[in-house]
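Asker: Got a predicted model here, sequence first, then my questions.
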Amino acid sequence: MEAIKTVGLTKTYGAKRAVDALNLTVQRGEIYGFVGRNGAGKSTAMKMMAGLVLPTTGTIELLGEPQAPGATSRRMGALIENPGIHLGLSGLDNVMCRALALGVPDAKQASFEALEVVGLGGVAKKRAKSYSLGMKQRLGLALALVGSPDLLLLDEPFNGLDPQGVREVRTTVVGLAKMRGITVFISSHVLDQLERMVTRYGVIRDGRLVREMSAEEVDRECADYLCIRCATPQVALARLQDAFPQIAFSVMEDDAIRAQGGLTPQDAGQVLARAGIPVSELFMHERDIEELFVELMGSEPTDAMPQSGRSERGR
Ligand SMILES: Nc1ncnc2c1ncn2[C@@H]1O[C@H](COP(=O)(O)OP(=O)(O)OP(=O)(O)O)[C@@H](O)[C@H]1O
């Protein structure tokens with residue numbers, strides 16, 4: 001069952017297509033990481049999902065229900081940009097205002113519980129202006145949580161947090177997803193944190209979705225591999241496959257052979273030398289998640305790849 005489905009979702013500001021025909025599907029229970037450079041269109045897409053910005057065209061379905069333009073689903077909680085905290089009110093009163101507006105039964109108890117979940121139970125009665133940035137961010141999370149949503153939209157929830165705050169928000173979100181089965185749609189630049197929580201990624205570039213990947217696919221793409229180049233890749237491949245049946249080989253679009261699974265340059269080099277196959281390049285390639293996403297996100301705003309575009313590396 002889908003938690004989020006957008007079809008042709010588009011937002012233009014003048015000549016700028018901030019979000020361009022976004023077709024996105026998020027399954028229930030996923031923690032979906034939405035990744036892109038500054039200005040790629042993440043916030044605009046999420047604001048449309050939250051009913052804060054009207055789409056120019058396209059449709060949005062949340063938890064199986066079509067959303068009227070500008071409507072907000074009561075089953076969704078959102079933390080987008082400033083969480084709208086009243087600094088003069090206590091954390092509890094802030095959350096209660098929202099709980100009452102949502103018509104949450106037993107608003108006070110529900111508000112306490114939301115604050116407990118984000119670790120602010122002990123300071124519930126303190127004014128929000130005395131909260132640190134991290135505590136304010138967690139208060140924003142409590143505001144998003146108080147209606148017991150089935151879907152959470154979190155736009156840059158780690159912004160302004162110290163490492164401890166980042167960890168607290170991350171573990172809270174993962175706990176919610178696991179214990180309550182909440183679907184989480186999260187945008188962040190903090191890739192190493194996303195890597196620890198996300199089950200699927202979508203990469204947005206110039207308003208368009210250029211790639212979706214499961215966490216396992218990202219792990220695979222980030223795994224070290226041996227790269228071999230020679231003039232006769234098919235012949236070399238056959239020799240290597242005979243010699244190392246346990247290794248996963250693939251030939252890339254540029255004819256480079258990629259070997260994953262622990263083959264060393266020395267062992268591969270020996271086999272190819274014995275077969276009389278000259279090798280022009282032989283090296284271990286190491287790539288971390290940041291390098292992978294920097295490639296996918298693009299360096300500067302460019303013309304987007306087609307909606308169904310795949311990485312040039314091809315798999
Ligand atoms: N209200 C607006 N009026 C005009 N242009 C806008 C408006 N909101 C966003 N844009 C433009 O739309 C594009 C996408 O912006 P958006 O804020 O969605 O990107 P983002 O991926 O969330 O970036 P960031 O990570 O910096 O928040 C940018 O070029 C931005 O300047």
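Answerer: All right, it came through fine.

Asker: chain center to the helix or strand of the chain with the lowest mean pLDDT, what's the gap?
Answerer: Within the chain, no helix or strand scores below helix 289-297, which has a mean of 82 by mean pLDDT, DSSP states H and E. From the chain centre to the centre of helix 289-297 is a distance of 12 Å (Cα atoms, centre = their mean, to the nearest Å).

Asker: Can you name the residues in contact with it?
Answerer: Helix 289-297 is contacted from outside by 35-37, 40, 191-192, 195, 203, 205, 210-211, 218, 221-222, 311, using Cβ atoms under 8 Å, 6 or more residues apart in numbering. For every residue, glycine as well, the C-beta is placed using N, CA and C.

Asker: Please list which of those are also close to the ligand.
Answerer: 36, 40 (Cβ under 6 Å from any ligand atom).

Asker: just the contacts of helix 289-297 now: which is nearest residue 180?
Answerer: residue 195 (22.4 Å; Cβ to Cβ).

Asker: how many neighbours does that closest one have?
Answerer: 18 (other Cβ atoms under 10 Å).

Asker: show me where this structure has helices.
Answerer: For the chain, the helices defined by DSSP state H cover 42-49, 91-102, 107-117, 133-145, 163-180, 191-195, 215-222, 233-243, 265-274, 289-297.

Asker: In TSV: these, plus distance to residue 80.
Answerer: Below are the helices of the chain laid out as TSV (distance: least, Cβ to Cβ, whole Å):
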stretch	distance to residue 80
helix 42-49	6
helix 91-102	14
helix 107-117	17
helix 133-145	9
helix 163-180	15
helix 191-195	17
helix 215-222	24
helix 233-243	49
helix 265-274	48
helix 289-297	20
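
Asker: ok, the residue lying closest to residue 198 once chain neighbours are set aside - contacts?
Answerer: Ranked by Cβ to Cβ, 6 or more residues apart in numbering and with sequence neighbours excluded, the top spatial neighbour of residue 198 is residue 33, at 3.7 Å. Counting by Cβ under 8 Å, 6+ apart, residue 33 touches 186-188, 194, 197-198, 200-202.

Asker: again, but for residue 20
Answerer: 10, 41, 206-208, 304.

Asker: can you do 10 Å?
Answerer: By Cβ atoms under 10 Å, 6 or more residues apart in numbering, the residues touching residue 20 are 8-12, 41, 45, 56, 58, 204-209, 304, 307.

Asker: cool, and residue 267?
Answerer: Listed by Cβ under 10 Å, 6+ apart, the contact set of residue 267 reads 226, 240, 243-244, 247, 259.

Asker: now the closest residue to residue 76 other than its chain neighbours, which residues is it bridged with?
Answerer: Leaving aside its sequence neighbours, residue 76 sits nearest to residue 151 (Cβ to Cβ, 6+ apart; 4.4 Å). With DSSP bridges as the criterion, residue 151 is bridged to residue 76, residue 183.

Asker: ok, the spatially most central residue of the chain to residue 14 distance?
Answerer: By Cα atoms, centre = their mean, the chain has its centre lying nearest to residue 33, at 1.0 Å. The gap separating residue 33 from residue 14 is 30 Å, by Cβ to Cβ, to the nearest Å.

Asker: With residue 139 instead?
Answerer: Where residue 14 is concerned, residue 139 sits at a distance of 35 Å (Cβ to Cβ).

Asker: The two: which is more packed in?
Answerer: Between residue 139 and residue 14, residue 139 has the larger neighbour count (other Cβ under 10 Å), namely 26 against 6.

Asker: what about the closest residue to residue 72 other than its chain neighbours, how many residues close to it?
Answerer: Spatial nearest neighbour of residue 72, excluding adjacent residues (Cβ to Cβ, 6+ apart): residue 51 at 3.8 Å. Around residue 51 there are 18 other residues, counting by other Cβ under 10 Å.
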